[in-house]
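Q: fold the following, please.
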Amino acid sequence: MGSLYDDDFLGRLQKGAQSLLPRWGLSPHSQVELLTISENATFKAIDPARPDPVILRVHRPAYHSEAEILSELAWITALRQENILRTPAIIPTQDNELIEKFEDHGEWRHVVAFEFLPGDEPDPEGDLVAGFRTLGGISARLHHHAQDWQVPKDFTRKTWNFDTALGAQHLWGEWRAALGLTAEGKAVLEQLCTYLEQRLNAYGTGPDRFGLVHADLRLANLLVDGDTLGVIDFDDCGFSWFVYDFAAAISFLETSPTIPALQEAWIEGYREVAPLDETHVEMIPTFIMFRRLLLTAWIASHSETETAQWAGMEAYTEGTVDLARSYLRDNGVEC
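A: Next up, the predicted model:
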């Protein structure tokens, strides 16, 4: 498949972001550096006249509408106003606009500016247990806020359910296009899909289990600064199951022997803030497989990104098949 984020495209995005700097009162001569490519391209603008850099997120083409981006920013604003968690402030333009845009080959690219949040991504090779206990509490506060928050009437975000993740309306690509997927592996994953759909339908989407979630609390979106844990990147926030947030948090760690300890710590931290019934806890392994298969599809459709390449591409697909076999056997399904 062709690569979206090739050097030419990234160069155009960087120039486009540079052209918008004066809108935020930044010097047009500020240094603009690429930070990361995942769903979007994120840049750091360094202005010698400012003590801290400004983070510029240039949105992926044909993914979120302007209304969806504004809805994400509305939730972030509400969370910050109520001190629910530590997350970067949105920086409006000098005209008080939250979204800027530039034209690129006849299409508009949306850009949002955020303050720089100090901290470091948790080390996946380090001891994550204490951090996951903290993350459990953060998740509980997020979910409680989502249940109580009066959503604006024009609020619109994607829904992450079986159909939009793994079914006909898939948002991140078709898992059957997974890199290196063999006929035998495909048969196993077909069984997995059937079983996941049955479990999710039985679990349902009642208000005690389904609502607005961050949906991507993985290590890359967490910042440790001393004793505090910050959360960034609400770009995938939308409507899904609450305990899906744990499955997202262990993205790319699914085969680690530490997962049971991390799960226990997350649950403990959650229950220090809000109740979490065993009915929901029992669904966590199902959501881990749901997320793993979703990421397998994402890697195939975003293979040019550093994240996909770091995850292992074909090796990640093979690991998904192995995990699916174990999960199905644990649930009494022969494969």
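
Q: please make it C-alpha for all contacts and neighbour counts, starting now.
A: Will do.

Q: what's residue 231 sitting at in phi/psi?
A: Backbone dihedrals for residue 231, given as degrees, to the nearest 10, come out at phi -120, psi 130.

Q: would you agree it is in contact with residue 87?
A: Yes. Under the criterion of CA atoms under 8 Å, residue 231 makes contact with residue 87 at 5.2 Å.

Q: could you pull out the helices for the stretch 151-300 of the chain?
A: With DSSP state H, counting those that start in this stretch as the criterion, the stretch 151-300 of the chain has helices at 162-165, 183-203, 244-249, 259-271, 278-281, 284-301.

Q: and what of the stretch 1-150 of the chain?
A: 7-20, 66-81, 129-148.

Q: pick the most buried one from those helices.
A: Stretch with highest mean neighbour count among the helices of the stretch 1-150 of the chain: helix 129-148 (a mean of 20; mean count of other CA atoms under 10 Å).

Q: just checking, what packs against that one?
A: strand 210-213, strand 228-231, helix 259-271 (3 or more CA pairs under 8 Å, 6 or more residues apart in numbering; DSSP states H and E).

Q: the last one to helix 129-148, inter-axis angle?
A: Going by axes from the mean of the first three to the mean of the last three CA atoms, to 10 degrees, helix 259-271 is angled at 50 degrees with respect to helix 129-148.

Q: mind checking how far the nearest residue to residue 24 once chain neighbours are set aside is from residue 71?
A: Excluding the flanking residues, the one nearest residue 24 by CA to CA, 6 or more residues apart in numbering is residue 93, at 4.5 Å. For residue 93, the distance to residue 71 equals 17 Å [CA to CA, to the nearest Å].

Q: which elements pack onto the longest strand that the chain contains?
A: In the chain, taking DSSP state E as the definition, the longest strand is strand 107-115. If you count contacts as 3+ CA pairs under 8 Å, 6+ apart, strand 107-115 packs onto strand 54-58, strand 100-104.

Q: export these to JSON lines and tack on mean neighbour count, mean pLDDT and distance to residue 323?
A: Formatted as JSON lines, these follow (neighbours: other CA atoms under 10 Å; pLDDT from 0 to 100; distance: least, CA to CA, whole Å):
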{"stretch": "strand 54-58", "mean neighbour count": "24", "mean pLDDT": "98", "distance to residue 323": "34"}
{"stretch": "strand 100-104", "mean neighbour count": "15", "mean pLDDT": "96", "distance to residue 323": "42"}
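
Q: out of the ones you listed, which is closest to residue 314?
A: strand 54-58 (28.4 Å; CA to CA).

Q: mind listing what that closest one pairs with, with the direction of each?
A: Note on strand 54-58: by DSSP bridges, its sheet partners are strand 41-46 (antiparallel), strand 107-115 (antiparallel).
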